[in-house]
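A.B. asks: Would you be able to build a 3D model of this:
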Amino acid sequence: MNSRINDAVLRLRGMGRRDAGMVTSEYAMGIIAAVGFALLLYEVVTSGQVRAELQDIVKKALSARM
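C.D. replies: Modelled structure (predicted):
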C-alpha cells in the first residue's frame with residue numbers, strides 16, 4: 001500500500017515541475033542571438049560580391065524567355 005502512495009506522490013510532484021516555456025533570460029539570449037545572426041546575414045547580403053551575384057540572378061530571371 002505504501003508503494004502505491006509513494007508512486008502517486010512522485011507522479012504528482014512531477015506534474016508540478018513541468019516546464020512549458022522559456023524564462024526571461026532565455027528569451028533575452030534568444031533575441032540577442034537572433035539579432036546577431038540577422039546583422040551577420042545583412043552584412044553578407046549587402047557586400048559587393050554577393051550583391052552583384054544577386055543582381056545577376058535577378059537579371060537572368062527577368063530576361064528569360066517564356
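A.B. asks: packing partners for the longest helix out of those in the chain?
C.D. replies: In the chain, taking DSSP state H as the definition, the longest helix is helix 24-45. On a contact count with 3 or more C-beta pairs under 8 Å, 6 or more residues apart in numbering; DSSP states H and E, helix 24-45 meets helix 48-62. Every C-beta, even on glycine, is put in place using the N, C-alpha and C of the backbone.
A.B. asks: tell me the angle the longest helix of the chain makes with helix 48-62.
C.D. replies: 70 degrees (axes from the mean of the first three to the mean of the last three C-alpha atoms, to 10 degrees).
A.B. asks: Which positions in helix 24-45 come out as buried?
C.D. replies: By 16 or more other C-beta atoms under 10 Å, helix 24-45 has no buried positions at all.
A.B. asks: which residues sit against stretch 53-66?
C.D. replies: Val45 (C-beta atoms under 8 Å, 6 or more residues apart in numbering).
A.B. asks: Show me which positions of that stretch end up buried.
C.D. replies: Using 16+ other C-beta under 10 Å as the test for burial, stretch 53-66 gives no buried residues.
A.B. asks: Quick one: mean pLDDT for it?
C.D. replies: Across stretch 53-66, pLDDT averages out at 88.
A.B. asks: roughly how far is it from the heart of the chain?
C.D. replies: Distance of stretch 53-66 from the chain centroid (C-alpha atoms, centre = their mean, to the nearest Å) equals 32 Å.
A.B. asks: CA-only coordinates of the helix or strand of the chain with the lowest mean pLDDT in PDB, if you can.
C.D. replies: Least confident helix or strand of the chain, by mean pLDDT, DSSP states H and E, is helix 2-16 with a mean of 75. The C-alpha coordinates for helix 2-16 follow below in PDB (Å, rounded to 0.1, in the frame of the first residue of the first chain):
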ATOM      1  CA  ASN A   2       2.900   2.400   0.800                       C
ATOM      2  CA  SER A   3       4.300   1.700  -2.600                       C
ATOM      3  CA  ARG A   4       1.200   2.900  -4.300                       C
ATOM      4  CA  ILE A   5       1.100   6.100  -2.200                       C
ATOM      5  CA  ASN A   6       4.700   6.800  -2.900                       C
ATOM      6  CA  ASP A   7       4.200   6.300  -6.600                       C
ATOM      7  CA  ALA A   8       1.200   8.700  -6.600                       C
ATOM      8  CA  VAL A   9       3.200  11.300  -4.600                       C
ATOM      9  CA  LEU A  10       6.100  11.100  -7.100                       C
ATOM     10  CA  ARG A  11       3.700  11.400 -10.100                       C
ATOM     11  CA  LEU A  12       2.100  14.500  -8.500                       C
ATOM     12  CA  ARG A  13       5.400  16.100  -7.800                       C
ATOM     13  CA  GLY A  14       6.500  15.500 -11.400                       C
ATOM     14  CA  MET A  15       3.300  17.100 -12.700                       C
ATOM     15  CA  GLY A  16       4.000  20.300 -10.800                       C
END
